[in-house]
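# Requesting a structural model of the entry that follows:
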Amino acid sequence: MEKLGYKQITKENWLLPDKISTSFLVRSPNGELTEIKNGEIYLEMILKPRLDENVPLEVQRLYEVARGVLIYGYFFYPLYTLGCEQLFRVAEAALSVRCRMINPHHEKETFRKKIEYLGKQGLLNEPEMMRWNALRQLRNISSHPADQSIYPPGPVISFLSKIADDINSLFSKNNPSTTQI
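Below you'll find the model as predicted:
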């Protein structure tokens, strides 16, 4: 391992997998633990969570960039962290868009106030508000770092999936107050 704790990119290694990315085991569909032999297994896991077509395009674009960063984490391990931190910002952007869909004149508010507003509108129940507040706290921690954080791919991929579910729920066609802008 290099002195920074992760790959230092050079001309010789920039297209090679980061050694840390290949040091994990994953569970295969039949339940066996398998070594990471190439990045395709990460690619499949990262491409699986998707936003629904009714999620506004500006949120979809932000999500796809974060997901793209995660895909390249196989080659530069810190990108898993960077992509995850971007997912926290995507979540806040989704809340902002949803607030504006209800009230086009909704002022820029804090992440916390957006969560409270959507809760008062009946769009977020108590457990959902708790999850969104946890995302808010993670976003705040990642926005004011004292040092470089490094997140492993497993939890990051779980965040990707859960954030996609939460965003999809915000814009669900089953939600009577969802209207397209």
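# Quick one, grab the pLDDT at T178.
With respect to pLDDT, T178 scores 48.
# so where's this structure shaky on pLDDT?
Low-confidence segments of the chain, defined by pLDDT under 70: 1-2, 28-29, 173-181.
# Which stretches in it count as strands?
Assigned by DSSP state E, the chain shows strands spanning 25-27, 33-35.
# mind checking the end-to-end distance for stretch 102-110?
17 Å (Cα to Cα, to the nearest Å).
# no no, stretch 107-115
The first residue of stretch 107-115 is 14 Å away from its last residue (Cα to Cα).
# please renumber so the chain begins at 635
In the new count, where the first residue is 635, that last one comes out as stretch 741-749.
# buried residues in that stretch?
745, 748-749 (16 or more other Cβ atoms under 10 Å). To be clear about C-beta, it is placed using only N, CA and C from the backbone, and glycine gets the same treatment.
# how about JSON lines for those, with distance to E674 added?
Converted to JSON lines, the buried residues of stretch 741-749 look like this (distance: Cβ to Cβ, whole Å):
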{"residue": "F745", "distance to E674": "35"}
{"residue": "K748", "distance to E674": "37"}
{"residue": "I749", "distance to E674": "37"}
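# In helices, which of those fall?
745, 748-749 (DSSP state H).
# Closest to L729 out of those?
K748 (4.2 Å; Cβ to Cβ).
# What residues does the closest residue to the closest one other than its chain neighbours make contact with?
Nearest non-adjacent residue to K748, counting by Cβ to Cβ, 6 or more residues apart in numbering: L729, 4.2 Å away. When the contact criterion is Cβ atoms under 8 Å, 6 or more residues apart in numbering, the partners of L729 are 745, 748-749, 752, 766, 804.
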